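**Q** 3D, please:
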Amino acid sequence: MVSRWLKLGVWILTHPWRCLHVSFANGIWENTTEDPFKIDTWVKAKKRELAEAGICATIVGAAITASIQWNQTYDAHWSVLGFWYGALLLSLFSVVISFHLGIYLNSIPLRAPDWSYRSAIAGDTKIGRYASLWVLQTPTQLLSYSIISYILGLSVMILRKLWEGPWSNDSKIALLYIGYFVLGFSVYVSTAVWIYRPDLYIRSSQSSQY
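**A** Below you'll find the predicted structure:
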């Protein structure tokens, strides 16, 4: 039971590795018929994902920049700005990497008769496959870490009022924040459990064999 929850925690921290692993396996690794339509569909979906990750990272970066300018940050704990500056940096790297990966995918000749796209996208070895998988998921990965870092900074800034100073409206706001945080985190974990259910990859692998 412990190992199962540990594995789930690793999958959440490395989001969206598992979902990308499924689409990667079906679209590239297990495509023994070299179906051009299937390859085109996978690459187009990946380009769209990279573009959306870049847009989301830009929006997150703008929100973080605006938050840094709040008056509350002047008397906040030093870690708040530390988390937020780190989140801003990760969002910027997410935008840059998304841009470069989009250019890279556009340069791959998907109609090459020698199927050279396979090594360009998926690598020639098992290590190369996992390395390619890791590289392709880095924009969304960095975006996820950026959002988490922003939430951590926001939580420190608001919850600090609970143990500093007398009971006030700020303390009530902190308690209300905890309620919303528990609600949002519960929904997030429930969604993650559904996305990373054990049969997801097994079913996909079986269907790709037919």
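**Q** from here on, contacts and neighbour counts on C-alpha atoms
**A** Will do.
**Q** quick one: low-confidence residue ranges for the protein.
**A** 1-2, 4, 7-37, 110-119, 122-123, 196-210 (pLDDT under 70).
**Q** with just CA atoms, put stretch 88-97 into CSV.
**A** The C-alpha coordinates for stretch 88-97 follow below in CSV (Å, rounded to 0.1, in the frame of the first residue of the first chain):
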residue,chain,number,x,y,z
LEU,A,88,9.0,33.2,-12.6
LEU,A,89,12.3,31.8,-13.7
LEU,A,90,10.8,28.3,-14.3
SER,A,91,8.0,29.8,-16.3
LEU,A,92,10.4,31.7,-18.5
PHE,A,93,12.5,28.6,-19.1
SER,A,94,9.3,26.7,-20.0
VAL,A,95,8.5,29.3,-22.7
VAL,A,96,12.0,29.2,-24.1
ILE,A,97,12.1,25.4,-24.2
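**Q** in which helix or strand would I find residue 165?
**A** For residue 165, there is no enclosing helix or strand under DSSP states H and E.
**Q** contacts only, for it.
**A** Listed by Cα atoms under 8 Å, 6 or more residues apart in numbering, residue 165 has no contact partners.
**Q** quick check: the gap between it and residue 176.
**A** 18 Å (Cα to Cα, to the nearest Å).
**Q** next: residue 97.
**A** 37 Å.
**Q** out of these two, which sits in the more crowded spot?
**A** A count of neighbours by other Cα atoms under 10 Å puts residue 97 above the other of residue 97 and residue 176, at 22 against 11.
**Q** how close does that one sit to residue 141?
**A** In terms of Cα to Cα, residue 97 sits 11 Å off from residue 141.
**Q** now do residue 103
**A** Distance, residue 103 to residue 141, by Cα to Cα: 19 Å.
**Q** ramachandran angles for the residue lying farthest from the centre of the chain?
**A** Distance from the C-alpha centroid of the chain peaks at residue 166, with 39.2 Å (Cα atoms, centre = their mean). Backbone geometry at residue 166, expressed as degrees, to the nearest 10, gives phi -80, psi 170.
**Q** for residue 108, same thing?
**A** Dihedral angles (degrees, to the nearest 10) for residue 108: phi -80, psi 130.
**Q** what about it, how many residues nearby?
**A** Around residue 108 there are 15 residues (other Cα under 10 Å).
**Q** neighbours of residue 58, how many?
**A** 18.
**Q** thank you, goodbye.
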